[in-house]
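Colleague: how does the following fold in three dimensions:
(chains A, B and C)
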Amino acid sequence: MIALLKRDLALAVRAGGGFGLGLAFFLIVVVLVPFGVGPEAAVLSRIAPGILWVAALLAALLSLDRIFALDFEDGSLPLLATSPLPLEGVALIKGAAHWITTGLPLTLAAPALGFLLNMAPGAYLWLLLSLALGTPALSMIGTFGAALTVGLRRGGLLMSLLVLPLYVPTLIFGAEAVQRGAAGLPATTPLLMVAGITLGCYALLPFAAAAALRVNLR
Amino acid sequence: MMPELGDYAAEVLSAYAASLLLLVALVGLSLRRSRKVRAQLDAVEARRKDAP
Amino acid sequence: MSIWEYANPKKFIATSTPLVPWVMGLAVAGLVVGLVWGFFFTPDDYRQGSTVKIIYLHVPAALMAINAWFMMLVASLIWLVRRHHVSALAARAAAPIGVVMTLIALLTGAIWGQPMWGTWWAWDPRLTSFLILFLFYLGYIALWEAIDDPDTAADLTSVLCIVGSVFAVLSRYAVRFWNQGLHQGTSVPVATGGRTVDDVFFVPLVICMVAFGLLFVGLVLIRTTTEIRARRMRALEARMRR
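Modeller: Presented below is the predicted three-dimensional model:
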């Protein structure tokens, strides 16, 4: 399992796509927002938590289709399926690797982008916490979506349609936690809900993803 | 015969019209596709009997 | 492909075909009675005026929108466990009906909301949940359309349906939490009127709900039969090409 994780990480670093593209996309979306809604500081600081969360979510979505596609094309996915490691474990590792290459950098970069949007000072801690707790769920849900569409030629767009509705609860609770943090309200409840969703996703979705993979490899 | 709908006649009538239109379209499309597929299947079956 | 594969679907077609005219006839009769009763012979609500008449379309459609998804969930589970093709095809057949029902519920709700709440759309928990349900339906149908092999498509959509159900329920509660969080209890009151309504409105409403239910059953039967035939046709054509 560790070996697979290392391999995936090495591939992502060598290809350069995982870290760079997602972060750049995150930055661009956040920069575009003031152009759209105007530069007033009050407006920006009001919508900053939501924008940061939505942008992080879209950036995570961007690299999802490569989770299994590369392995599927070069034929290593059937090999992984026949290896002693259960397919559920493979899905779990793939989700974790995706988080380390996209979710983690996004989380770390988010506070810096918060300055651009004039976010309330009290919200930074909550932003970091909620993204750190929430983005793993995004990665795992995305892994499931990628497993569903791995065999399709143009699965990327379809996968977005399938995955985005599944992101709704995570987004709601995550953005709500930051929103409350910004307003100086206690934000523990939505944060706990985010953590719960993440844990639930990692406990259950590997099975669903593995089932989908088995069907696609049949 | 028409009941007095008061100020909201347009809303009520458009709601009914839109819903009934959607329902009729759904039923119509279902029936049309049912008929089409049935005819196609019959054709395929007939061809299969002709050339076993 | 063995003959057993068709034994069950054949029986399904044989059983359902004579049933369809009855179910559809009853559904249409119920719709006519319920809607005519509701439209012509119920008084206006003292607060909502004549817009209360929209309830006879809105509530049954919303009811069937949720029930259709639930039926798809059950059918998906049956497919995954028992591998009956009819089950998977019935789930596929029900999805477009669910979409139309969701659309009717959203549309009539918006038309009702315009004069009553003063807005076509509010990010009220119920409205938002229905919009999300609509997106789930679209994704489910898109996945069916995208995959060529029918068994693969049935498997994958079934898995999606099960996961989607969990997330749909989760979204429902998340949305409720979210809106309360934003509006601190001042959200738009969901005065559906259904709870407080008295018999004058209630009887035609129940008739409409039953009629929508029958309509759903009839449509599922028709569409499932169609899907079975389409599937058989594809199988036959594939065999003949060989």
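Colleague: so what's A:Phe1 scoring on pLDDT?
Modeller: Careful, residue A:1 is Met; it's not Phe. According to the prediction, A:Met1 has pLDDT 70.
Colleague: ugh, typo on my part, it should be A:Val215
Modeller: 89.
Colleague: do the longest helix anywhere in chain A and chain C meet at all?
Modeller: When chain A is parsed with DSSP state H, its longest helix is helix A:188-217. Yes - contact of helix A:188-217 with chain C (C-beta under 8 Å from any C-beta of the partner chain) involves A:Pro190, A:Met193, A:Ile197, A:Leu204, A:Leu205, A:Ala208, A:Ala211, A:Ala212, A:Val215, A:Asn216. C-beta: built from backbone N, CA, C; applies to glycine.
Colleague: pull the number of nearby residues for the fourth one.
Modeller: Pointing back at A:Leu204 there. Using other C-beta atoms under 10 Å in any protein chain shown, A:Leu204 is surrounded by 14 other residues.
Colleague: and the nearest residue to it once chain neighbours are set aside, what element?
Modeller: Among residues not flanking A:Leu204 along the chain, C:Val166 sits closest, at 7.9 Å (C-beta to C-beta, 6 or more residues apart in numbering or on different chains). C:Val166 is part of helix C:150-183, with elements assigned from DSSP states H and E.
Colleague: among the residues of helix A:188-217 next to chain C, who's most crowded?
Modeller: Busiest of those [other C-beta under 10 Å] is A:Ala212, holding 29 neighbours.
Colleague: that residue touches C:Leu156, doesn't it?
Modeller: Yes - contact criterion C-beta atoms under 8 Å: A:Ala212 and C:Leu156 qualify, at 5.8 Å.
Colleague: shared neighbours of these two, anything?
Modeller: A:Leu148 (C-beta atoms under 8 Å, 6 or more residues apart in numbering or on different chains).
Colleague: returning to that earlier point: show me what the longest helix of chain A is packed against.
Modeller: For helix A:188-217, the helices and strands in contact under the criterion 3 or more C-beta pairs under 8 Å, 6 or more residues apart in numbering or on different chains; DSSP states H and E are helix A:76-82, helix A:87-98, helix A:124-148, helix A:155-182, helix C:150-183.
Colleague: hmm, back to that, packing partners for the helix holding C:Val166?
Modeller: Using 3+ C-beta pairs under 8 Å, 6+ apart: helix C:150-183 touches helix A:124-148, helix A:155-182, helix A:188-217, helix C:55-82, helix C:85-116, helix C:125-146.
Colleague: could these go into JSON lines alongside distance to B:Ser34?
Modeller: Shown next, in JSON lines, are the helices and strands packed on helix C:150-183 (distance: least, C-beta to C-beta, whole Å):
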{"stretch": "helix A:124-148", "distance to B:Ser34": "29"}
{"stretch": "helix A:155-182", "distance to B:Ser34": "27"}
{"stretch": "helix A:188-217", "distance to B:Ser34": "29"}
{"stretch": "helix C:55-82", "distance to B:Ser34": "18"}
{"stretch": "helix C:85-116", "distance to B:Ser34": "10"}
{"stretch": "helix C:125-146", "distance to B:Ser34": "18"}
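Colleague: which one of the residues of helix A:188-217 next to chain C is nearest chain B?
Modeller: Distance to chain B, by C-beta to the nearest C-beta, is smallest for A:Val215 among the residues of helix A:188-217 next to chain C, at 25.8 Å.
Colleague: can you tell me which residues contact the closest one?
Modeller: C:Thr152, C:Asp155, C:Leu156, C:Val159.
Colleague: any idea which of those is the one closest to chain B?
Modeller: Checking the contacts of A:Val215 against chain B by C-beta to the nearest C-beta gives C:Thr152 as the nearest, at 21.1 Å.
Colleague: wait, the closest one touches A:Gly151, no?
Modeller: Yes - look at C:Thr152 against A:Gly151 with C-beta under 8 Å: they come within range, at 7.4 Å.
Colleague: overlap in contacts of those two?
Modeller: With C-beta under 8 Å, 6+ apart as the test, C:Thr152 and A:Gly151 both reach A:Asn216.
Colleague: quick one: which of the two has more around it?
Modeller: A:Gly151 (22 against 15).
Colleague: quick check: pLDDT value at the more buried one.
Modeller: pLDDT at A:Gly151 comes out at 77.
Colleague: same check on B:Pro3?
Modeller: So, for B:Pro3, pLDDT stands at 61.
Colleague: could you report the neighbour count for residue 9?
Modeller: Using chain A here. 15.
Colleague: chain B, not that one
Modeller: Neighbourhood size, B:Ala9 [other C-beta under 10 Å]: 15.
Colleague: now it. Its backbone dihedrals?
Modeller: Backbone geometry at B:Ala9, expressed as degrees, to the nearest 10, gives phi -50, psi -50.
Colleague: surely it is in contact with C:Ser50?
Modeller: Yes - counting by C-beta under 8 Å, B:Ala9 touches C:Ser50, with 7.0 Å between them.
Colleague: pretty sure C:Gly218 is in a helix, no?
Modeller: Yes - assigned with DSSP: H, G, I helix; E, B strand; the rest coil, C:Gly218 falls within a helix.
Colleague: that one and C:Arg229: what is the separation?
Modeller: 17 Å (C-beta to C-beta, to the nearest Å).
Colleague: also C:Val52?
Modeller: Separation of C:Val52 from C:Arg229 (C-beta to C-beta): 43 Å.
Colleague: what's the answer for C:Trp123, then?
Modeller: 43 Å.
Colleague: who's more crowded, those two?
Modeller: Set C:Trp123 next to C:Arg229 and count neighbours by other C-beta under 10 Å: C:Arg229 wins out with 23 against 14.
Colleague: so what's A:Glu176 up against?
Modeller: A:Ala187, A:Pro190, C:Phe177, C:Trp178, C:Gly181 are the contacts of A:Glu176 under C-beta under 8 Å, 6+ apart.
Colleague: look up the closest residue to it, ignoring the ones flanking it.
Modeller: A:Pro190 (4.3 Å).
Colleague: just checking, that neighbour touches A:Ala177?
Modeller: Yes - using C-beta under 8 Å, A:Pro190 is in contact with A:Ala177, at 4.0 Å.
Colleague: which residues are in contact with each of those two?
Modeller: A:Ser130.
Colleague: who touches the nearest residue to C:Ala62 once chain neighbours are set aside in this structure?
Modeller: Excluding its sequence neighbours, the residue lying closest to C:Ala62 (C-beta to C-beta, 6+ apart) is C:Ala105, at 4.0 Å. Taking C-beta under 8 Å, 6+ apart, we find C:Ala105 in contact with C:His58, C:Ala61, C:Ala62, C:Ala65, C:Phe130.
Colleague: can you redo those as TSV with neighbour count?
Modeller: Output for the contacts of C:Ala105, formatted as TSV (neighbours: other C-beta atoms under 10 Å in any protein chain shown):
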residue	neighbour count
C:His58	25
C:Ala61	25
C:Ala62	22
C:Ala65	25
C:Phe130	21
